[in-house]
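Enquirer: Could you work out the structure for the sequence below:
(chains A and B)
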There are 2 protein chains.
Amino acid sequence: MIFRQLFDTETSTYTYLLADNKSKEAIIIDSVKENVERDLQLIQELGLKLIYTIETHIHADHITGAGDLSLRTGAKRVVPKNSQVECADVVLADGDELKFGDYNIKAIHTPGHTDTCTSYLVDNMVFTGDALFIRGNGRTDFQNGSAEALYESITKKLFTLPDDTFVYPGHDYKGMNLSTIKEEKQFNPRIKIGTTKDEFINTMNTLKLVNPKKIQEAVPANLKCGKETNHAV
Amino acid sequence: MIFRQLFDTETSTYTYLLADNKSKEAIIIDSVKENVERDLQLIQELGLKLIYTIETHIHADHITGAGDLSLRTGAKRVVPKNSQVECADVVLADGDELKFGDYNIKAIHTPGHTDTCTSYLVDNMVFTGDALFIRGNGRTDFQNGSAEALYESITKKLFTLPDDTFVYPGHDYKGMNLSTIKEEKQFNPRIKIGTTKDEFINTMNTLKLVNPKKIQEAVPANLKCGKETNHAV
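Expert: Got it, this is the predicted structure:
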């Protein structure tokens, strides 16, 4: 497999490019509009055929590059079910799978940061979006977020994956690039094994975070795949 | 192998932590003083025994964490030969190797950014420091830098490694995390195959870069392993 973990320095967002080395079919998870030219150049240099742009959720901190990437490559725009994204070509419910080359990507509905947040499992890697971070987790105070739902998502769905599953988050703010399910079960200060649901809810409800700078702009734009208007692929 | 690519957001420096999963012996390449607590916590959580701190060169943009890491873990401080680092425990010349667990790390002298710059080969990964970047290369205008030497280092030493060798650079400023020798031979705009030595020297000599903000502080500090005073391990 070809695998690249790309970074947006302004919003500390990780974008993931995965491709089958034989067929060259590729997917991109959580692209960022400002990095579309960088990503297209890499896709072209590696000789890849982008077939899906995939979102873990409707982002509040950045605008997706999905619409632009789709326009330029013909890739289908994939979002979690019930995301209210009219321009989506494919919606994935819990357990749904897509293929790229010889690989499968499987949707795991992990609500809590938002109500439609979805993680994606590819081989021994899980892309957790804003559900589970490295030694942290996504906030739960807007977009129908729910600390209780996130507790259930992390402890009952993500923490039941094999211990050696690599965790690739949607953001990191401390310069860490990956973790494992085993590590997060042991060391995540917010939700390691032994943390009760009430303790987690209390932690999340007392964070007093300010809203992301771009939330008013990003959410409506992301409901349109980052484009002002829809388009036919 | 346990492998982590850590990032310093202030200076866009990559720090690499590698360990043998069986013996837990670990090395760290190009640590950053400000991130020592983060790195020590990760080393402790993963149950690793840090045996070497390794520098690709004497950095001008940040202060190494080697001295602090060595003090806290007993790791030996490793630098390239002729680096004038009095506190070094081990110096490596071209071709020298060290072991950590079942793995070897081999020094490849790649001068040009500085006169002692060294890349390190571990399995199919090469850690290129400030010699070769992803679609770029290190500057050559201070610390006995030489565009001619860098051209020779990249084209005769790094570009003769197997095509599928992964390139892990000392910095990246565009959110890219890795490349391959094949890609850099094909796509590096400064020095891809076909670039003449004169063209490369001309490119490097017309960059007109300002000095790194910390150069006056960082270089002397790094000659002391990032510590004011030497210490016995």
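Enquirer: CA only for contacts and neighbour counts going forward, please
Expert: Fine.
Enquirer: how about the CA coordinates for the lowest-mean-pLDDT helix or strand in chain A, as PDB?
Expert: Ranked by mean pLDDT, DSSP states H and E, the weakest helix or strand in chain A is helix A:215-222, scoring a mean of 93. Taking C-alpha atoms only, helix A:215-222 is exported to PDB below (Å, rounded to 0.1, in the frame of the first residue of the first chain):
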ATOM      1  CA  ILE A 215     -16.900  27.600  12.300                       C
ATOM      2  CA  GLN A 216     -19.400  30.000  10.700                       C
ATOM      3  CA  GLU A 217     -17.800  29.700   7.400                       C
ATOM      4  CA  ALA A 218     -16.600  26.100   7.400                       C
ATOM      5  CA  VAL A 219     -19.800  24.200   8.400                       C
ATOM      6  CA  PRO A 220     -22.000  25.600   5.600                       C
ATOM      7  CA  ALA A 221     -19.200  25.300   3.100                       C
ATOM      8  CA  ASN A 222     -18.600  21.700   4.000                       C
END
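Enquirer: residues in contact with that helix?
Expert: A:58-64, A:85, A:227-228 (CA atoms under 8 Å, 6 or more residues apart in numbering or on different chains).
Enquirer: Buried ones in stretch A:24-41, by neighbour count?
Expert: Neighbour counts over stretch A:24-41 (16 or more other CA atoms under 10 Å in any protein chain shown) mark A:24-33, A:35-36, A:39-40 as buried.
Enquirer: Give me the neighbour count for residue A:126.
Expert: Neighbour count for residue A:126, taken as other CA atoms under 10 Å in any protein chain shown: 23.
Enquirer: isn't it right up against residue A:110?
Expert: No. Using CA atoms under 8 Å, residue A:126 makes no contact with residue A:110, being 11.7 Å away.
Enquirer: just the strands in chain A please.
Expert: Secondary structure of chain A (DSSP state E): strands located at A:2-8, A:13-19, A:25-29, A:49-54, A:76-80, A:90-92, A:97-100, A:103-109, A:118-122, A:125-129, A:132-133, A:136-137, A:166-169, A:179-180.
Enquirer: By neighbour count, which of the contacts of helix A:215-222 wins?
Expert: residue A:64 (31 neighbours).
Enquirer: Tell me who's in contact with that residue.
Expert: By CA under 8 Å, 6+ apart, residue A:64 lies in contact with A:30-33, A:222, A:225-226.
Enquirer: For it, report the pLDDT, please.
Expert: Per-residue pLDDT puts residue A:64 at 97.
Enquirer: Give me the nearest residue to residue A:214, chain neighbours excluded.
Expert: residue A:61 (5.4 Å; CA to CA, 6 or more residues apart in numbering or on different chains).
Enquirer: how close does that neighbour get to chain B?
Expert: Taking CA to the nearest CA, to the nearest Å as the measure, residue A:61 falls 17 Å from chain B.
Enquirer: for residue A:119, same thing?
Expert: Remark: distance between residue A:119 and chain B (CA to the nearest CA) = 22 Å.
Enquirer: sorry, back to before: tell me which two in the buried residues of stretch A:24-41 are the farthest apart.
Expert: A:24 and A:33 (23.0 Å; CA to CA).
Enquirer: Which residue, neighbours along the chain excluded, lies closest to residue A:138?
Expert: residue A:130 (4.6 Å).
Enquirer: can you pull the contacts of that neighbour?
Expert: Residue A:130 neighbours (CA under 8 Å, 6+ apart): A:56, A:113, A:117, A:137-139, A:169-171.
Enquirer: who wins for most neighbours among these?
Expert: Counting neighbours by other CA under 10 Å, residue A:117 comes out on top of those with 29 neighbours.
Enquirer: isn't that one right up against residue A:110?
Expert: Yes. Between residue A:117 and residue A:110 there is a contact at 5.4 Å, judged by CA under 8 Å.
Enquirer: Identify the contacts common to the two.
Expert: Once CA under 8 Å, 6+ apart is applied, the residues that residue A:117 and residue A:110 both contact turn out to be residue A:131.
Enquirer: returning to what we had before: among the contacts of residue A:64, which one lies nearest to residue A:182?
Expert: residue A:30 (24.4 Å).
Enquirer: Can you get me a residue count around residue A:161?
Expert: Other residues lying near residue A:161 total 18 when counted by other CA under 10 Å.
Enquirer: Chain B contacts on chain A?
Expert: Contact residues, chain A versus chain B (CA under 8 Å from any CA of the partner chain): A:4-9, A:45-46, A:174-178, A:183, A:187.
Enquirer: do you know how far residue A:125 is from chain B?
Expert: Distance, residue A:125 to chain B, using CA to the nearest CA: 15 Å.
Enquirer: What's the local residue count around that residue?
Expert: Neighbours of residue A:125 under the rule other CA under 10 Å: 19.
Enquirer: can I assume it is in contact with residue A:165?
Expert: Yes. Between residue A:125 and residue A:165 there is a contact under CA under 8 Å: 5.5 Å.
Enquirer: just to revisit the earlier point, quick check on the residues of chain A next to chain B: which are buried?
Expert: A:4-8, A:175-178, A:183, A:187.
Enquirer: Excluding covalently adjacent residues, which one is nearest to residue A:70?
Expert: Distances taken as CA to CA, 6+ apart put residue A:76 closest to residue A:70, at 6.2 Å, once the chain neighbours are dropped.
Enquirer: Tell me which residues touch that neighbour, please.
Expert: Counting by CA under 8 Å, 6+ apart, residue A:76 touches A:51-53, A:70, A:88-90, A:233.
Enquirer: Then residue A:113?
Expert: By CA under 8 Å, 6+ apart, the contact list for residue A:113 reads A:130-131, A:138-147, A:150.
Enquirer: Would you format those residues as CSV with distance to residue B:197 and pLDDT included?
Expert: Formatted as CSV, these follow (distance: CA to CA, whole Å; pLDDT from 0 to 100):
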residue, distance to residue B:197, pLDDT
A:130, 47, 98
A:131, 50, 98
A:138, 50, 97
A:139, 52, 97
A:140, 56, 97
A:141, 57, 94
A:142, 56, 91
A:143, 56, 91
A:144, 59, 94
A:145, 57, 96
A:146, 60, 97
A:147, 59, 98
A:150, 57, 98
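Enquirer: pLDDT score for the residue nearest to residue A:214?
Expert: You'll see residue A:61 listed with a pLDDT of 93.
Enquirer: Distance check, it against residue A:212.
Expert: Separation of residue A:61 from residue A:212 (CA to CA, to the nearest Å) stands at 5 Å.
Enquirer: So what pairs up with residue A:80 in the strands?
Expert: Per DSSP bridges, residues listed as beta-bridge partners of residue A:80: residue A:92.
Enquirer: Model confidence score at it, please.
Expert: Model confidence at residue A:80, given as pLDDT, is 98.
Enquirer: Verify the stated contact: it with residue A:88.
Expert: No. Residue A:80 is beyond contact range of residue A:88, at 9.4 Å (criterion: CA under 8 Å).
Enquirer: more crowded one of the two?
Expert: Neighbour comparison, residue A:80 and residue A:88: the larger count goes to residue A:80, with 27 against 22 (by other CA under 10 Å).
Enquirer: who does the residue nearest to residue A:70 bridge with?
Expert: residue A:52.
Enquirer: where does chain A dip in pLDDT?
Expert: Where chain A drops to pLDDT under 70, the residues are A:228-233.
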